[in-house]
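Chemist: just a sequence and a predicted model for now, questions to come.
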Amino acid sequence: MSEIIFETLETDTEVKIPEKLIFGRTFTTHIFEMDYDVSLGGWNSPKIKKLESQHMSPAAMVLHYGQAIFEGLKAFKQADGKIAMFRPDKNIERMNNSARRLCMPELDPDLFMEALTELVKIDKKWVPTEPGYSLYIRPLMYAYDPFLGVRPGNNYKFIIMLSPVGPYYPEGFKPVPIMVTDKYVRATAKGVGDCKCAGNYAASLLAQREAQQQGYTQVLWLDAIEQKYIEEVGTMNIFIQFKDEVVTPKLNGSILPGITRLSVIQILKDWGYNITERDVAIDEVVEAYEKGNLMEIFGTGTAAVISSLSKLKYNDTILMFNENEAGELGQKLYKEITDIQYGKKPDSYKWMLSIE
Ligand SMILES: *Cc1c(COP(=O)(O)O)cnc(C)c1O
């Protein structure tokens with residue numbers, strides 16, 4: 001595998017990060033880009049270059065048959081001034097799982113890691129320093145050969161782009177109202193629900209829009225076969241705290257295996273909680289609520305880390321939680337994880353990877 005070519009050698013001397021950052025709107029100066037060509041024997045020309053628009057044919061395969069996958073992770077300015085990424089090895093592993101499922105070429109994990117590190121290094125002035133801010137890292141891959149037949153592409157681009165982001169909840173950690181849908185499903189086992197592929201999100205938009213029209217921020221998805229078991233929320237995995245057990249739906253092929261989810265399970269185990277990965281029916285949650293055995297519900301994901309629920313609507317039933325303040329366990333986990341991410345406490349799990 002060839003070495004990374006640095007087409008632009010200079011880091012920016014001065015960077016002006018907008019004061020009000022809207023998620024995913026602001027991009028840094030550089031990207032990493034690598035090309036895949038079957039006829040050239042695979043991946044070639046890995047380079048770091050200035051961000052520019054990509055030109056492609058209207059026949060580019062991704063536009064028709066959707067071979068597109070992505071990842072999402074963050075880099076944080078540490079208390080000691082260094083910059084570190086949170087569990088990038090897990091994102092690399094997950095991207096390759098998605099690639100395999102969509103017949104896309106896998107990436108060399110070492111080169112992927114080097115690309116992440118070198119790109120963040122070049123654009124390190126873009127890592128915000130204010131509390132709660134971070135640098136969001138978005139790797140993506142798509143097929144671009146111009147061909148209208150249905151088959152896996154022969155040409156792919158792998159790109160990593162960077163975007164400085166502000167705190168997910170600018171006014172503080174605020175619980176969100178969520179609506180359960182049994183009108184639509186997100187994904188089925190044996191399908192691509194456990195891949196971060198573009199089409200999954202296109203398929204979820206209508207349910208999301210209808211929930212928003214009713215005043216709910218996101219949808220809680222149920223299983224595709226019976227619409228009975230809880231799966232996940234929008235772009236977050238879900239945890240339910242019952243009186244004597246914390247439960248998260250077990251990975252069944254249709255749920256995205258979140259890295260925040262994995263981290264929360266580990267922390268809860270170490271804190272001595274009875275944490276189980278199992279099927280959990282929406283009826284079980286409603287019943288526990290009615291009996292007073294339901295403590296709190298929260299979502300987990302890279303963007304918000306932890307998102308507490310203020311309200312859960314399921315047909316005519318509405319479960320109410322504290323509307324103004326996040327649940328106790330959610331707050332505790334949020335503090336623990338962000339303290340590790342910003343280097344405010346020892347990284348006993350070795351989750352942080354310093355770029356310098
Ligand atoms: C990315 C994502 C998550 C959360 O995964 P993290 O690795 O924790 O960010 C959960 N569900 C879906 C559908 C996702 O796309």
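Modeler: All right, it came through fine.

Chemist: what is the neighbour count of the residue nearest to residue 243 when sequence neighbours are not counted?
Modeler: Once flanking residues are discounted, residue 243 sits nearest to residue 293: 4.5 Å by Cβ to Cβ, 6 or more residues apart in numbering. To be clear about C-beta, it is placed using only N, CA and C from the backbone, and glycine gets the same treatment. By other Cβ atoms under 10 Å, 15 other residues sit near residue 293.

Chemist: state the distance from residue 293 to residue 191.
Modeler: 33 Å (Cβ to Cβ, to the nearest Å).

Chemist: what of residue 305?
Modeler: 28 Å.

Chemist: of these two, who's got more company?
Modeler: residue 305 (27 against 15).

Chemist: flag every residue of the stretch 101-250 of the chain that's near the ligand.
Modeler: Near the ligand, the residues belonging to the stretch 101-250 of the chain are 196, 232, 235, 236, 237 when assessed by Cβ under 6 Å from any ligand atom.

Chemist: wait, what's in contact with the nearest residue to residue 244 once chain neighbours are set aside?
Modeler: Leaving aside its sequence neighbours, residue 244 sits nearest to residue 274 (Cβ to Cβ, 6+ apart; 6.3 Å). The contact partners of residue 274, by Cβ atoms under 8 Å, 6 or more residues apart in numbering, come to 244, 245, 246.

Chemist: would you mind writing the ChimeraX command to select the buried ones in those?
Modeler: Remark: buried members of the contacts of residue 274, expressed as a ChimeraX selection using 16 or more other Cβ atoms under 10 Å:
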select :245,246
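
Chemist: in strands, which of the contacts of residue 274 appear?
Modeler: residue 246 (DSSP state E).

Chemist: for the one helix or strand residue 92 maps to, which positions count as buried?
Modeler: For residue 92, the host element (DSSP states H and E) is helix 88-101. Buried positions in helix 88-101, judged by neighbour count with 16+ other Cβ under 10 Å: 88, 90, 91, 92, 94, 95, 96, 97, 98, 99.

Chemist: CA-only coordinates of that helix in CSV, if you can.
Modeler: Extracted in CSV, the C-alpha atoms of helix 88-101 (Å, rounded to 0.1, in the frame of the first residue of the first chain):
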residue,chain,number,x,y,z
PRO,A,88,-11.5,5.1,16.3
ASP,A,89,-10.6,1.4,16.1
LYS,A,90,-14.3,0.6,16.6
ASN,A,91,-15.4,2.9,13.7
ILE,A,92,-12.8,1.4,11.4
GLU,A,93,-14.0,-2.1,12.2
ARG,A,94,-17.7,-1.1,11.7
MET,A,95,-17.0,0.6,8.4
ASN,A,96,-15.4,-2.6,7.1
ASN,A,97,-18.4,-4.6,8.3
SER,A,98,-20.7,-2.2,6.4
ALA,A,99,-18.4,-2.5,3.3
ARG,A,100,-18.5,-6.3,3.3
ARG,A,101,-22.3,-6.3,3.5
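
Chemist: export the buried residues of helix 88-101 to TSV and tack on distance to residue 287 and pLDDT?
Modeler: Output for the buried residues of helix 88-101, formatted as TSV (distance: Cβ to Cβ, whole Å; pLDDT from 0 to 100):
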residue	distance to residue 287	pLDDT
88	41	98
90	35	98
91	37	98
92	41	98
94	34	98
95	39	98
96	40	98
97	35	98
98	36	98
99	41	98
